[in-house]
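K.L.:
Take this sequence and fold it.
(chains A, B, C and D)
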Protein chains: 2
Amino acid sequence: MEAKGLRAGGRGGRSGGVAGEVWLREHKPNRDPLSRERITAAAVELLDANGSAALTMRRLAERLDVAPPTLYWHVKTKDDVLDLALDAIFAEVAIPERTADWAVDAKTLVIRWHATMVRHPWAPGLLGRPMLGPNVLARTEFLQSALERAGLAKQVLSMATHGLANLTIGSALTESAWHTGPRISQESASEHVRDKAATYPTLAANNHLAVMDRAALFEEAVDCFLAGLRTRQHR
Amino acid sequence: MEAKGLRAGGRGGRSGGVAGEVWLREHKPNRDPLSRERITAAAVELLDANGSAALTMRRLAERLDVAPPTLYWHVKTKDDVLDLALDAIFAEVAIPERTADWAVDAKTLVIRWHATMVRHPWAPGLLGRPMLGPNVLARTEFLQSALERAGLAKQVLSMATHGLANLTIGSALTESAWHTGPRISQESASEHVRDKAATYPTLAANNHLAVMDRAALFEEAVDCFLAGLRTRQHR
DNA sequence: ACGCCTCCCGAACGTTGGTCGAGACTTCGC
DNA sequence: GCGAAGTCTCGACCAACGTTCGGGAGGCGT
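P.N.:
Okay, here's the model as predicted:
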């Protein structure tokens, strides 16, 4: 705490330099400068590896072989990193080829979107912030333009876009609940519900929590919503 | 680090007590002991007042007029508090009277559910965890039992329950995005989109982000899903 | 040679969630 | 009455976190 005179470590000072001290500082040679992109990529890796709790600025810096404060030259806050990471994974949602059928276009997109979020279970939990990243917007644009071809009233079109997106988000969120944080097995959970069959008869009888194929279930839900949409089409 | 001998503060020790020291310790008289319920209520108040960032164990303790470690006797971790607070607000979702029409029962419930989450915008962001609280389960039980009356195949019933719940959750989550955290006005956001009308023509044309009445939009989405559900009924 | 701009970092601050052991109040068996 | 066994509370402390500040190093133009 009292030692201040000895400027230890890294790259020493010029004016205060001790003779011969050059050899002590390791000259980190010319590595390509840090960039938002490299930070984003590293953040996604960390999040994928251990969930959203694993992303700390310190660990992120360590993984990039950099001191923590360095990050703040490229990024304003940790929230920035989260926004960037979130939008980044949406880049892997391939925008479908446009077909003649608006419904299959919309369906294909949201299914891919959903799959991506399930693959990155930390993502849905970060969704409680405005989604304005370019990748999100591009995919939403595709979704809305597909639904536009359905021939819906303007208000209904807006409902359809938001509804489909929200269904996707909600599904991804509830599914990710089981893959994130302190593992509670679905088995022990549905056992818990079955124990209370007296108070939750329907849930217990239908084994509400134990669903075999959640992806298929989501697909059916999308089909269902689209079917409802067709009843609102002009004819 | 070496000072340990002087046992300072509050209620002094019996064996180590200094004579007359009784008068110095304020005798906090018999207030009803802290309880999970009181902790939960205080947590909800804090969350309502300033969003999820405002809930720290210290502030919570302060509001309850208690030292921070005390909380940990009643609660294991902060996550416990979050789980409790989350389930607590669902108690205010009144379970509807059962009517003859399964669809209006289901609709009434999810609309109330949605409204409650919008009233507590911090809630949707906490949903990324298994929802096993008694209040959640009771409402899900009602929802599923209402949908059961629709006469759906077992698999479809499961889809319907999850789909409707997920639509509700997703809607609440995206809506709360604008009321939580660092305020980005929807106006500036949709302005941002309109600026890029070249890349997002459909979004810009339909003013995707600027929706007037989100509650009405959600209601229509629920109607739409229910309409789709009817096409899957036995007949 | 000088100053400017970019990129990076050591040190430190204030705050957080959480632990530990000790103390006080109550209750109960005796 | 008395001590042992809970029940409930707290002071002191810890490691880790996000973030700030001021400055040093290297490259570039002039």
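K.L.:
Skipping adjacent residues, who's closest to residue A:214 in space?
P.N.:
Using C-beta to C-beta, 6 or more residues apart in numbering or on different chains and skipping residues adjacent in sequence, the residue nearest residue A:214 is residue A:175, 5.4 Å away. (Each C-beta comes from the backbone N, C-alpha and C, glycine too.)
K.L.:
Let me know the pLDDT of the one you found.
P.N.:
At residue A:175, the model reports a pLDDT of 93.
K.L.:
Can you pull the domain assignment for chain A?
P.N.:
Chain A resolves into domains spanning A:21-89, A:96-233 when parsed by automatic domain parsing.
K.L.:
Lowest mean pLDDT among the helices and strands of chain A, which one is it?
P.N.:
Sorting the helices and strands of chain A by mean pLDDT, DSSP states H and E puts helix A:186-195 at the bottom, at a mean of 85.
K.L.:
Which helix runs longest in chain A?
P.N.:
Taking DSSP state H as the criterion, chain A has its longest helix at helix A:154-176.
K.L.:
hang on, the earlier thing: quick check, the residue nearest to residue A:214 in contact with residue A:213.
P.N.:
No: look at residue A:175 against residue A:213 with C-beta atoms under 8 Å: they stay out of range, at 11.3 Å.
K.L.:
Of the two, which one has the most company?
P.N.:
Counted by other C-beta atoms under 10 Å in any protein chain shown, residue A:175 and residue A:213 do not tie: residue A:175 has more neighbours, with 22 against 10.
K.L.:
quick one, what contacts that one?
P.N.:
Residue A:175 sits next to A:118, A:121, A:214, A:218 when contact means C-beta atoms under 8 Å, 6 or more residues apart in numbering or on different chains.
K.L.:
Confidence-wise, which of the residues you listed comes last?
P.N.:
Of all the contacts of residue A:175, residue A:214 carries the smallest pLDDT score, 90.
K.L.:
how about the helices of chain A, start to end?
P.N.:
Using DSSP H, helices in chain A cover A:36-50, A:57-63, A:68-74, A:78-90, A:102-119, A:134-148, A:154-176, A:186-195, A:201-206, A:214-230.
K.L.:
Please say whether there is contact between the fourth one and DNA strand D.
P.N.:
Yes: judged by C-beta under 7 Å from any atom of the strand, helix A:78-90 comes into contact with DNA strand D at A:78-79.
K.L.:
try stretch A:124-139
P.N.:
No: remark: stretch A:124-139 sits outside contact range of DNA strand D, by C-beta under 7 Å from any atom of the strand, the gap being at least 13.2 Å.
K.L.:
which regions of chain A lie under the pLDDT threshold?
P.N.:
The model of chain A has pLDDT under 70 over residues A:1-31, A:181-183, A:235.
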